[in-house]
Every structure is written in C-alpha cells, then in structure tokens.
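**Q** need coordinates for the below:
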Amino acid sequence: MAAGPYVLRPLLHDVPLSAEGTDEDIKINCVDYLDGNLYVGTSASELLHFFRIPPDPNDPNSTDTFILASRLLPAYSETSGSPNGPKPGVQQILLLPRVGKACILCNWTVTFYSLPELSPVFGTTQVRNCNWIGGVDLNANFENPGTAVTILLSLNRRIQVVRIGDDARVIRKIDFSGSTLSVRRDSIACVADSRSYALLDVDRQLKIPLMSISSLDDSAPGGQYGQTQNIAGPPENGGHSRSASSATARLAPADFHSHSRSTSLSGLIGNMRGNQRPQGEQDDPVFQQPGTPKSSNTPERKPSPALNDGDKPLPPPPRDSMASLASQASGTGGISPGRIASPKPQPGLVFLKPHIVSPTPEEFLLVTGTGPLDPGIGMFVNLDGDPTRPTVEFERYPREIAVDGGAPDVSSPGASVLGREAEGYVFASMGKEFEDGVHQGLEIQRFDVNVGEDEAEKFWLEVPSKDDPTTPAVHTPIGIRSLLASEEMQFEELVKRLCQRRFSPFNGGSATPAVSTKGADSRTASSIERLAREKELFDRDLGSEEEPLPENWETVRNRENEEFVRVLSKGSSRLAVWTGADIWWAVRNPLLLQLESSLELATSKAQQGSSDSSEQRTQLLNLIKTINNREPKTELEFMTLGYVKQRASIMLVANFLNCAESPFSDSETRQMEASLLDGDLDARVVLSLIPTLRNEIVMGQKGIWVYGGIRSLVEEYITAEKDKEVTQTIDSLPRHVLNFLRRFLTAWRNKKGFGSISAEIFRTVDASLLLVLLELDKNTPVGKSGEPGSPRKELYELVDHGVDCFDRAVSLLEGYRRLYVLSRLYQQRKLSPYVLKTWKRIIEGEEDRGGELGGDGELQVRKYLSNISNQELVKKYGVWLAKRNPKLGVEVFADDKIKAPRLVPTDVVALLKEEAPDAVKYYLEHLVFRKGSTAYINELITYYLDIVINDLQNSPESRATATASYEAYRALRPPKPTYRQFLTDNAPPDDEAWQSRLRLLQLLGGAHDYDAAAIRQRIDSSLAEFSSEHGAAALSQKQQQPQQQKQRLLVPEAIILNGCLHDHEDSLRLLVHHLGDYDSAVSYCLRGGLSLSFNNTIAPSQPKQPLLTEETQSHLFHVLLAEFLAIEDLSDRVEQTGALLERFGGWFDVLKVLGMIPDGWSVDVIAQFLVMALRKLVEERHESLVQRALSGAENLRVGYESVVRMGELGPTVVGDEEKRGGGQGGAGEEEMQEMNEMQEMGDMGGSKRGVGVGGSDDDEFA
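**A** Modelled structure (predicted):
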C-alpha cells in the first residue's frame, strides 16, 4: 500500500508493440487518451489505437478492457540531412478534439488524421523537418466545439503558427530557430531550444529571453535575459515555394486499415495567408507532397501476419550515448542534435533536455541544471518572465516532468470526486541511487507549498515489476505525460474499508463467552453457562422490543452502503505512466490509503523490532494530531478522517493493553482517550479488545455496524488474542488499564440522550463501567464514604444517576457483595421494597463488603420510612424496626410528617403488642405525653409499674438505691427541694427504671382517672416480701400496720395513691417520717393529694380530686401536729411543731393543742400560738357585740316597716267560710306571710356565735 500522494492503476498491460510479437527492442514513446480511445506511439514508428470497453456495472470486480482497433504506420519523409542512425519513431501525438483532428509527429514529419478512427485528412499533407508540434492554448477548453485550433510547429529555422480546422493554414511565422519545445497560454508561449528558454508573444512576435537550460552555459550575451525583443521579420512579397524533389515521403501500405490516401496540396498552399517566405530563405518547404521513397538505409516494413501484410525488419534500437542530447535526456521521441541549429558547444558543456510545463494559467515551470546526474532546479515564471514562487529541487535532472493539480484547468473535464485537486504536484522521471543500484521511478513533490509554512516533502514512486506486482521494476526508464482527457475510476479499496459492516465480537468461534468476568471466586456468575444465559436474555429482551427484521435485511443494507461509498470513492486521472509494454494511470492516492499506509508502516516496524512500542505510539499520536488539525472539505474526507482516527485509536488501545514494558505516560493516555471519543467509535468495539469485558457487550437484532476496515482490524486482534489461549479475568487487568476504562466509559456515559446512539451501547457501557468501578473500589477501606474523584464516589454517582443495564447491575453488585450500593441502585429506580429488604439484610448481619451503611442503618431505615407513601411497607418495616430498636421503631408510627397514610393509634397499639411488645410503652408515651391522649394512661401506668416493680424485685441494688434516696432526702436541711425535684435532679440518664418511675409519678400526680386502689393493691402484693428489709430505722412508733410498712419502697407513689383514696393520715405519716418533707406535709393539709402533682404536658382536664373542706383541712392539721410531735429528733420536733402552730394556728382548737403539747415543753414554743389564740378570742367577742347591736337596730327597722305596711293595708274581715280555708283570701295570706318574714329577720340579731379558731382562712396564717 503506497503512502505517497499517487498510486499507479493499470491502464493497459502487455501492449502489443510489435505485430509479430517480438517487441523486446520496441518501446513506447508517447501516449494520449480521449473519450475511451487510447493512442500509443512506439519507437517502431507505429501508432496503436485501442478502444475502451467499460466494466460491467453489476460486477464490482470487473475492470476496463481495451481492444486494439488499429495499428497505423504514420507517413514520414526523409531529407538529405537526416542522420543514418535509427529513427525515433512516433515522437508526438497531438489530439485536437475541438476540430476532430490529430497531429502525429513521426520521425520529424507531421501528418494529420481524423478522430477517433485516425483516418488521414488533408490528403497526403505532411510537414517535414519538424522538431515539435504543440503550442495549443491550454486556457481553451478542448471540450467546447470550435471551427479551428491554433498550434505551433517548431521547425529548424522558425516557428510556424498554424490554424487547423477544415484545412491547415499557416497564419504566422515567428523568427525563432532551433525550438524543440513549446507550451502556450493564450498568446504567450514558453519555448525552448537546445540551450535556453524564452517567452514569445505569438501575436505581436515579441520575445523575452529567459535562463539557460544548463547553468554552466554562459554563451548568451550579457544583459539580454529578461529584456523584450521584437522578432518580427521583414515584409514578405513572394509566395510559398516548394521543392518536391527535395523531400521523400514514407507512406503506409495501401491495405493497412485503408489509411493510405493521397490528396493534392495545391489548394492548401495557395490558401496560405500572409506569412510568405522572405527573399532568399533556404529553409525547407513546410507543407509538401510525398516524393521519392524513403532512403535505402531504412529497413522495409512487412505487414503483420495477422493483417496479411508483408513483414518488414524493425529499425535497430537507439543506443545510449552520453555524448548525444537524446541519450542524455533518455527521453523518448528525442530530437537529433544534428537537426538542431545551435552554436558550437563549449568545452565540458553537456546539453540537457529542456522541460516546460504550465501548472497554472499564469505560470510556466522551467527546469535547469548542470548535468544529467546532478540535481535539477525547477523555476516558476509568470507570463512576463518574472519569478512567482520558490523553486523546486529535483534530486537528479529529470528525464520527463509533468504537473497535476494546483489550479483548475479549463481544459480539464472536471474535478475528481475524491476532491483534492487544489494540491499541486510536480512529477519528475529519473533514476535514483539505492543500496542495490539505480532505481528508475517518479519523484513527486508539492509545488504550491509556501516557504515558512511547510517544507515540501518528496515522495518516490516506482512502477511494479511485471513478474511480481509487489516488486518494483527498478532498471526500466519511465515515461510520463499529462493526457488530454481524464478517465474516471473506482477505488474498491475505499469501498472495502468505508462500507459499514456488521461486527460481532463473538465471531470466529462459539458465541459463549470464553471466560468469566471475575476470578475463580466470582459470585457474579457461578459458571460460564450462566454468563451466556444472561447475554442471551439481554439480547432476547432487547429484541422483543423491536419489530422483526426482513430475512435479507443485512444484504440490502450492505448493498446500500456499498452504493453510497462507491459514489464517493470515484477518482479520475489524466496522467499516464509507462515503461516497457505497460501503461498505468497515475492516480491521486486517496487520503485514506495514504494515512492507512502510515499506520501499517508504524505497525510493521514495531513487529520487525526496528521500533519499540513507544516509537510506534508516538507515530500514531502524531498522526492523530495531524488529523485533528485538518478540516474536512468533502464528505469523503470527513469519512476518511473519522475512519483513520478510529483505526489509529484501536491500534493505540491494542498497544496500550500490551505495553507492560513501556507503559503509556499520562499525556499519551489522555490523547488516546480523546481520539477514541472524537472518532465516534462504538464503545463496544473497544471493549471487544478486552476479553474480560467482552461478555458485557449487548447487541440488538441489527448488531454492531462499523467501517469494514475497522471490523477487519478488530477481528485480527481478537483472533490473535484467542490464539494465545490465556484466560483473563477482571482482577488480572493492570490498574492503569482499569483507570483508562473508567475515564473512557464515564465520558461515553455523558453522551446519553443523543438520539443517534443506540440503547444497547449504553447498556454495555454501564455494565462495563460498573464492573470496572467495583474492581477499583475493592481496596477502599470498609465503611469509608466516597471522596470526590475516588472510585467509590464515582460508583455512587453511577448508580444514583441510573444504569440502563439494571438486571446486570443487580447481578454484579450481588456478586461483589456490595449491598449498600445495590440499595442505592434500588432507590434510583424507586423500588422501596427492595431498598428496605437490602438494608434489612445488611442490618441483620449479611456481608456487605463496602460497609457504608455503618452503625446507623436503623436510623437510615427510620428516615426512609418517613419518605415513602406505601403504608404496608411502613407497617412491615416499622414493626421490624420496633423489634430491633423499640424507641426508634415507635418514631415511625409517631411521625406526624410521614408521607404514608397514618395508622389508627388503636391499630398501632394492637400491632405492637402482637409483634413488638417492648415498643408498646414508647408508643403509649408518645400518645400520652406528646399527643395528650388520656385513653391510654391506665395502660401506660401499668407498663411503668411493671418496669419499676420488676426492677425492684430483681435488683437488690435498685432496692438499696430507693432506700438510700429516702435517707439522703431526710438528711437534707431546710429549705430543701421537694422529693419530686430531688428524684428528677438525681435521675441517671440511661436508667430506664428510674425514668419510668419519674413518668409514673408524673401520671399518678396528674389529674387523671385511674384505679388507685388496684394500683396500690398491686404494689402491696408485689413488694410485700421486700418491705421489712428496708424499714425506716427512724420510725419510733411500734404500732404501724403491715400495709404501711409494705409501701416503704415506693413512698411517693403511696402518698399520691393514699391521697386519691382519702387515706390522708397515712400520707402525712409517710411525708413526715419516711421522707422528712415537712413542707409537702403542710401543703398536703391544705390541698390533699394534689399537692404532689407533677408538671406534665398532658392536656388539661378537670381535677380528679375535689378540694378539701375546711373541716377536713382542720382535721388534717391536727393529724399533722400529732405526727410532728412524734418526730424522733427533739430539735426537729420542737422546731416543726412551733413553726406549724405559729403559721397555721388558726386551724387549731386551743384546748386540743394544749392537751397535745407535752407538759415539759417551754411555753415559749407555743407562745406565739397562744397570743394569737387569745387575740382571736377577744376579736370574736367584740365581733359578737357589734353583731348583736346591729341586729337590734335591724329589728327596730323591720318592726317599723311592718306597722307602716299594716296601716296601708287596713283591716280585713274574715268570714266563717274563709276561716275554714276557702280560696278567697289568697291575697291577704301573701301579705301576712311577707310581714311575718320581715318580723323574723328582725329577731335574728345575736343568735350566731363563733367558738375556737377553726373558721379562719389559710391566708391568716400564711
């Protein structure tokens, strides 16, 4: 595969150079092509005409076929001055399609023929002694029909301008002798003689001398280069003269394809215009009739046996001679030096063959040098003779040159579909020294590269050997010519590489994956068969969503792809290259083949050991960089750059996977990743290169479609990998490969949402990325959360954003025992039952290798349950959580912000009693203390009692603590807090029994309805056996009853219950003697059991216990006084008794108090009480006197009002019937009743008298 810009495509092989088949000494001199007609001129003075049969359009492998249409022997003439050596043969073929004519220069004689069949025209017209025919205006489009075409004939003494149309007319003669070459643009022609170049204005006959062909030639007069010269001759007054005897004509046999026809030249010569011969000119006539036969030293030709013509011996081949101009140039159709009028050469000067081409409509390219083995220089001049661009250098002076591209040529039939004709190239045929000798070939280089932008790179192209196409024919000189017309051709190599083909990573063997995706301990898949079944399920599930495909859908698609690419992969060429008997097209090498050749070259060097892998990847990366900097201009170029980038990327990946000795640098890895993504290569193709990830590839019904060249390359790698028979597992991949896959697949996931990318790709990408991240995360410490940029963090992001391969992801996560990550995957899919189930597995001890849930798994469950709306799930996992953590589980049912419909409390209580009994208490606390529900107080009290009693029964420490708390409280000196506050301040934070007791006291002391008798009965019966062990040593009263002793472990509870049951005396006794809480005892006398009520958050309700009456309060104070008098400590006894009588003396009867006070006490103890009592008695007596006086005055007022009223009413006569109770005296009776009431009110004074101090208010003793 050629890496240069041009390749050789066969045009015609084994050209029959000789009719007899002995063509060893015959060579091709010139070639031209027009409209499927190929014209070949040989050194045997024959012109071969081939007709092209196009290939079968239905057979892509068919090629052009050329058949020989005719073999013509062009006529030529010999003059007396002709050399006796061999003739050059057919020197030039000039096709003039605008007028349907062809001009043939054979042995310095010009003859004219019609196109395309090459029938002679203009009779037997000939032009002898001609060195060159050409000078056709290259700016004129040859496809446009016209009436005439102007050409230049280079004669020995002058140049004639001839118009070819219906006839041939000389319209002008230019005084320029010895010209051997001419190229024309409009009226400006660049011509050359044997020593120098010049520009001619053929219309105005002006000349601008240019440089010498040989830079060693300094024979030209100084100062004439670049100066315009007028070369117009003197006026001509004579007619044309001709000498029939001075010329001989060589005619073709009359029976050779009927090409021997004779016509008169009298009309032609008579019609020549304006350019008559000057007086005395000795030049040979230009247009002549054939005269005498050719000289005897020219061997006679015999007709080919196939044409029944006599065979004539061939002329001897020309011998190479360094002394001759023709041999120095090694050019076919050379000019004999003896025929060129030139000055005598300088000693040591070597004549070089001139070369002129016109690369653009405004430029000519001229070649100069010093010798045939020395370098040559190509100089560009414009139509004014000024240099236009930098020169080009040839390694040796060329034999032939040609140009292609550079600028659109109006004579070109159209641009190639491949579309790179803007790039201009110059071809030079030469020999080049190699280690094994001189190779003949073409040196190709750009001529349109500006200096400073890029350095012109030279390419070497050799023709293949006839025996072995892969071996160049190194010793055969090569001819090259730019043909008149181009021919379109097809590049099947592009079709083969750029057509989309179906690719399967499992082809070439069983579709069953060869290895497991993990090692021998893999829990993802227990066997190879399971992986195969999973893949089949993926494919089946995917296929079930698609419509069934037609039976021949793949064939149709392949055909459509081929038709599409064939339209783009057409090229054209107008360059012919020949050597020996073979002719080729020099075709623009498609960019794809050039770049692919560079890729193959880098690979072959690495395989041959001449370049290590680092050099190979450097070349690949440089090539990709070059491609990235190139902007595609056509659709084919766009596809080409994409294809080559994909191919180079795959080669880089293959190198990357097998470069253990010289790993990629970070920069190289990043460049490789970028090229993979920019090339839009299906990620599944890359993954197919890694056996352990190949099993993750998912394909739909249509499979994976990639470029045909990419498929072939990947299949080669897969086959080579299978031949190694090495089992690869995911944990055997190096870490740098895993990190590459991690970045590459993550970048591919960012393409989600693009409609042009199939879903199967993302299923594959997600599964592969998950597997890679799981493998990378294996070494992360257990329980560590994902840090930014870590594999664990990316693993979380992957599952949190969702994966398309859900079932495969579940299987992988289960296999790797990553249950927490699995739960996050379920959360993303909103699969609440599976989330909770997975968390339950972790909390209950199933292995989770990541350990991310940690110790707060139950709290996570609690939070999650509050955010879901499925009531059944909340109930199920709320109960499960309540079993494990009652307090936390109850929060699920107690949460007011839960999204699921809330359960009825009675149902919750029943559910918890059945499933999680330990959680019932906490739920009841929520209902009672937070919600203020009183319906569950008795039940909650029962739970508290159970806890407290069980603790006291089962724990001697708890019993000792309870007793010690009483003793400690009694030891406190006044003022001391209430016992309730004392318990709260000293409650251990984590002691459930203690906290339950506080809550129990809170409930018992609140205004709630509960069965106090049953509670006290339960306490008595439960703690009976422990009461005697903890009796209060300070109690001095021996007559205490058993029931009172049994309540000593729960003294505050007993006090509250006694208050509810109106057993006030026992409550006061416990307050005074068991607790020493004297202030609470006094408060109890005023308020009863309500004095011990705890503050709580329960909704207020009506007081359960009514307020005490004054009589009851007075009685309780007398009981309290008796208990104070029974205090064991004398000082406390005296202090508390005196304080009670002093503060609340109004509630006591003086006589009773005096009877209770011991006789030995000082009167000072009760002095204040006595003073208060006496003062009260005096106050009461005075109040009685005032009351009696007020009552007497009131009696007088009422009596007066009664008398006045009676006077107003007057007397009333009562009859006998009325006296017996008749109904007529109703009004009088009412009046009498009113008077009696008034009288009674007047008699009420002084009837009420207070005795004692019992009626006093508490505030009087505050």
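**Q** which stretches of the stretch 351-500 of the chain form helices?
**A** Using DSSP state H, counting those that start in this stretch, the helices found in the stretch 351-500 of the chain span residues 492-498.
**Q** low-scoring pLDDT stretches of it, where are they?
**A** Applying pLDDT under 70 to the stretch 351-500 of the chain flags residues 407-421, 450-456, 467-474.
**Q** again, only this time at 90
**A** Of all residues in the stretch 351-500 of the chain, those with pLDDT under 90 make up the ranges 351, 405-423, 434-437, 448-457, 464-477, 484-493.
**Q** check for me that Ile949 belongs to a helix.
**A** Yes - using DSSP: H, G, I helix; E, B strand; the rest coil, the assignment for Ile949 is a helix.
**Q** assess the claim that it and Glu1025 are in contact.
**A** No - between Ile949 and Glu1025 there is no contact under C-beta atoms under 8 Å: 11.9 Å. Heads up, the C-betas are built off the backbone N, CA and C, glycines and all.
**Q** so the two - more neighbours on which side?
**A** Per other C-beta atoms under 10 Å, whichever of Ile949 and Glu1025 has more neighbours is Ile949, with 18 against 10.
**Q** would you mind giving the secondary structure of the nearest residue to that one once chain neighbours are set aside?
**A** Nearest residue to Ile949, sequence neighbours excluded (C-beta to C-beta, 6 or more residues apart in numbering): Ser1022, at 4.6 Å. Following three-state DSSP, we place Ser1022 in the helix state.
**Q** which residues touch stretch 680-687?
**A** Here stretch 680-687 makes contact (C-beta atoms under 8 Å, 6 or more residues apart in numbering) with 503, 505, 642, 646, 649-650, 653, 676, 693-694, 696-699, 704, 706, 710, 714, 744-745, 748, 760-761, 764-765, 768.
**Q** in the helix or strand harbouring Ala648, what's buried?
**A** According to DSSP states H and E, Ala648 maps onto helix 635-657. For helix 635-657, a neighbour-count test (16 or more other C-beta atoms under 10 Å) marks 636-637, 639-657 as buried.
**Q** one step back: ok, the residue nearest to Ile949 touching Asn954?
**A** No - with contact taken as C-beta under 8 Å, Ser1022 and Asn954 are classed as non-touching, separated by 11.4 Å.
**Q** the two: which is more packed in?
**A** Ser1022 (19 against 11).
**Q** need the pLDDT of the more buried one.
**A** At Ser1022, the pLDDT value in this model is 81.
**Q** shift numbering so it begins at 54
**A** Okay, using 54 as the starting number, the last item reads as Ser1075.
**Q** what is the mean pLDDT for stretch 844-858?
**A** For stretch 844-858, the mean per-residue pLDDT is 92.
**Q** one more: stretch 178-192?
**A** pLDDT averaged over stretch 178-192 gives 91.
**Q** distance between that stretch and the chain's centre?
**A** 66 Å (C-alpha atoms, centre = their mean, to the nearest Å).
**Q** from Trp637, how far out is Leu628?
**A** Look at Leu628 and Trp637: by C-beta to C-beta, to the nearest Å, they are 9 Å apart.
**Q** please report the distance of the residue nearest to Ile1002 from Thr1016.
**A** If you go by C-beta to C-beta, the gap between Ser1075 and Thr1016 works out to 17 Å.
**Q** what about the longest strand in this structure?
**A** Secondary structure of the chain per DSSP state E: the longest strand is strand 532-543.
**Q** pretty sure Pro141 sits against Cys83.
**A** No - with contacts defined as C-beta under 8 Å, Pro141 does not count as touching Cys83, sitting 10.2 Å away.
**Q** re the thing from before, for the longest strand of the chain, which positions count as buried?
**A** Gly532, Ile533, Arg534, Ser535, Leu536, Leu537, Ala538, Ser539, Glu540, Met542, Gln543.
**Q** beta partners for the first one?
**A** Counting by DSSP bridges, Gly532 is bridged to Trp631.
**Q** likewise for the last one?
**A** Gln543 has the following beta-bridge partners by DSSP bridges: Lys623.
**Q** count the neighbours of Gly424 for me.
**A** Neighbour tally, Gly424, other C-beta under 10 Å: 18.
**Q** secondary structure element holding the closest residue to it other than its chain neighbours?
**A** Counting by C-beta to C-beta, 6+ apart, Gly424 lies nearest to Val403, which is 5.2 Å off, once chain neighbours are set aside. Assessed by DSSP H and E, Val403 sits outside every helix and strand.
**Q** so Val403 touches Pro425, yeah?
**A** Yes - the pair Val403 / Pro425 is scored as a contact, 6.9 Å apart, by C-beta under 8 Å.
**Q** quick one on the thing from earlier: next, count neighbours for the residue nearest to Gly424.
**A** Residues lying near Val403 (other C-beta under 10 Å) number 20.
**Q** which SS state does Ile636 fall under?
**A** Applying three-state DSSP: Ile636 is strand.
**Q** who does it bridge with?
**A** Leu65, Trp631.
**Q** surely it meets Arg62?
**A** No - applying C-beta under 8 Å as the test, Ile636 and Arg62 come out as separate, 10.4 Å apart.
**Q** which one of those two is surrounded by more residues?
**A** It is Ile636, of Ile636 and Arg62, that has more neighbours when counted by other C-beta under 10 Å, with 25 against 19.
**Q** pLDDT score for the more buried one?
**A** Looking at Ile636, the pLDDT reads 94.
**Q** same check on the one 3 residues further on?
**A** Turning to Ala639, the model gives it a pLDDT of 94.
**Q** what's around Gly908, how many residues?
**A** By the criterion of other C-beta under 10 Å, Gly908 has 9 neighbours.
**Q** state the pLDDT value of it.
**A** 82.
**Q** which secondary structure state is assigned to it?
**A** Applying three-state DSSP: Gly908 is helix.
**Q** do you know how far it is from Ile896?
**A** In terms of C-beta to C-beta, Gly908 sits 10 Å off from Ile896.
**Q** what about Gly142, distance to Phe103?
**A** For Gly142, the distance to Phe103 equals 18 Å [C-beta to C-beta].
**Q** neighbour count for the two, which is higher?
**A** Gly142 (26 against 22).
**Q** list the contacts for the more buried one?
**A** Asn82, Gly94, Thr95, Ser96, Ala97, Ser98, Glu99, Cys159, Asn160, Pro368, Gly386.
**Q** isn't the second one right up against Ile157?
**A** What that stands for is Gly94. Yes - using C-beta under 8 Å as the test, Gly94 is close enough to Ile157 to be in contact (7.3 Å).
**Q** joint contacts of these two?
**A** Here Gly94 and Ile157 share the contacting residues Leu100, Val143, Gln145, Ile146, scored by C-beta under 8 Å, 6+ apart.
**Q** of all the residues you listed, which two lie farthest apart?
**A** Greatest spatial distance among those (C-beta to C-beta): Leu100 and Gln145, at 10.7 Å.
**Q** fine by me, we can end here.
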